[in-house]
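Asks: no sequence on this one, just coordinates:
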Ligand code: NI
Ligand code: MN
């Protein structure tokens, strides 16, 4: 499984020969808009955690360019289906076996409205069980006790957690979250994009290190292999 970071919560995941994009927000991200051409991105699936603009901005353009299927909660799926896009609706607690692995849409503590204010369902995260590796994409969320449910069923190899604070968990809560999900390998996301969520990278890494954990912070376009 190869994971590439495109800023905020935007990720590309290659697994079992399939290309998955998560929360594509690139053309409006000052950190990534000049580095990544959204029409060059490959996608068989686009997973959306919730309807906020910093997660869905480029989903429609990429889906129409690639014929990717959008996977999200029911309300977000219907929003894109009405635009003629292929969708797979899910809701909290539900699993589906896709051709790249099992996906579970799990709880997140946040909000989820579209940029025009229309209802975007309830926000979520994704647990992806791939052929060899399992990952948790928390999406935008507070620290929540529900995270303790995840390791009851899935042994995670990587937890992708927001660490930017203000709108989501900050560093200290993300460290506790990694305890809850029982995964000491963390990819930090949802930081530095806007002034409200700027972080000190060295402080963040040291806090995780001191807690016995490995926090990875990737450059825009940088990849890791699991
Ligand atoms: Ni959000
Ligand atoms: Mn967000």
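Replies: The structure has been received and is ready for your questions. Note that the structure is predicted; figures quoted are calculated from it, not measured. Ligands and ions are numbered 1, 2, ... in the order given.
Asks: for residue 146, what are its contacts?
Replies: 106-107, 109 (Cβ atoms under 8 Å, 6 or more residues apart in numbering). For glycine as for every other residue, the C-beta is placed from the backbone atoms N, C-alpha and C.
Asks: and those residues as JSON lines, adding pLDDT?
Replies: JSON lines is the format used below for the contacts of residue 146 (pLDDT from 0 to 100):
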{"residue": "106", "pLDDT": "98"}
{"residue": "107", "pLDDT": "98"}
{"residue": "109", "pLDDT": "98"}
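Asks: Compare the residues you listed and tell me which is most surrounded.
Replies: Taking other Cβ atoms under 10 Å as the neighbour criterion, residue 106 ranks highest of the contacts of residue 146 with 26 neighbours.
Asks: okay, the residue nearest to that residue when sequence neighbours are not counted: pLDDT?
Replies: Closest residue to residue 106 apart from its sequence neighbours, by Cβ to Cβ, 6 or more residues apart in numbering: residue 125 at 4.9 Å. Residue 125 is assigned 98 on the pLDDT scale.
Asks: for residue 192, same thing?
Replies: If you check residue 192, the pLDDT there is 98.
Asks: so how far is residue 81 from the nearest residue to it once chain neighbours are set aside?
Replies: Once flanking residues are discounted, residue 192 sits nearest to residue 198: 5.4 Å by Cβ to Cβ, 6+ apart. Distance of residue 198 to residue 81, given as Cβ to Cβ, to the nearest Å: 37 Å.
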